[in-house]
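Undergrad: Okay, sequence plus prediction incoming.
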Amino acid sequence: MQVDRELDTRGLNCPLPILKAKKSLNDMASGQLLKVVSTDPGSLRDFQAFARQTGNELVEQQTIGSDFVHVLKRR
């Protein structure tokens, strides 16, 4: 998967990963992909709720070691 922007939010807890993702998405064009890497276990459900509330598509979520990876598609 070809992402357009990657955001490293490791070490940050809710709501900072969401706020940083929101800021990045606002600077992106419709259809572009944002990859967010987080160490906050709560980010799994946080990004699901964020996608529902904002209309951005949550394309993928995965756990790799202690990292939680989220890929969002800008609406």
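TA: Happy to help now that I have it.
Undergrad: The closest residue in space to Gly55 that isn't next to it in sequence: what's it in contact with?
TA: Excluding its sequence neighbours, the residue lying closest to Gly55 (CB to CB, 6 or more residues apart in numbering) is Arg75, at 4.5 Å. Placement of C-beta: from N, CA and C, glycine included. By CB atoms under 8 Å, 6 or more residues apart in numbering, Arg75 lies in contact with 30, 54-57.
Undergrad: Could you identify which of those has the most neighbours?
TA: Asn56 (20 neighbours; other CB atoms under 10 Å).
Undergrad: And it, its phi and psi?
TA: Taking degrees, to the nearest 10, you get phi -80, psi 140 for the backbone angles of Asn56.
Undergrad: thought it was touching Leu72?
TA: Yes: with contact defined as CB atoms under 8 Å, Asn56 counts as touching Leu72 (5.1 Å).
Undergrad: And the residue lying farthest from the centre of the chain, how far from Leu33?
TA: Within the chain, the residue lying farthest from the chain centre (CA atoms, centre = their mean) is Gly65, at 17.2 Å. Gly65 sits 22 Å away from Leu33, taking CB to CB, to the nearest Å as the criterion.
Undergrad: picking that back up, contacts only, for the residue farthest from the centre of the chain.
TA: If a contact means CB under 8 Å, 6+ apart, then Gly65 has no contacts.
Undergrad: For Lys20, which residues are in contact?
TA: Residues counted as contacts of Lys20 (CB under 8 Å, 6+ apart) are 7, 9, 12, 36.
Undergrad: please redo it, this time with the cut-off set to 7 Å
TA: When contacts are counted by CB atoms under 7 Å, 6 or more residues apart in numbering, Lys20 touches 7, 9.
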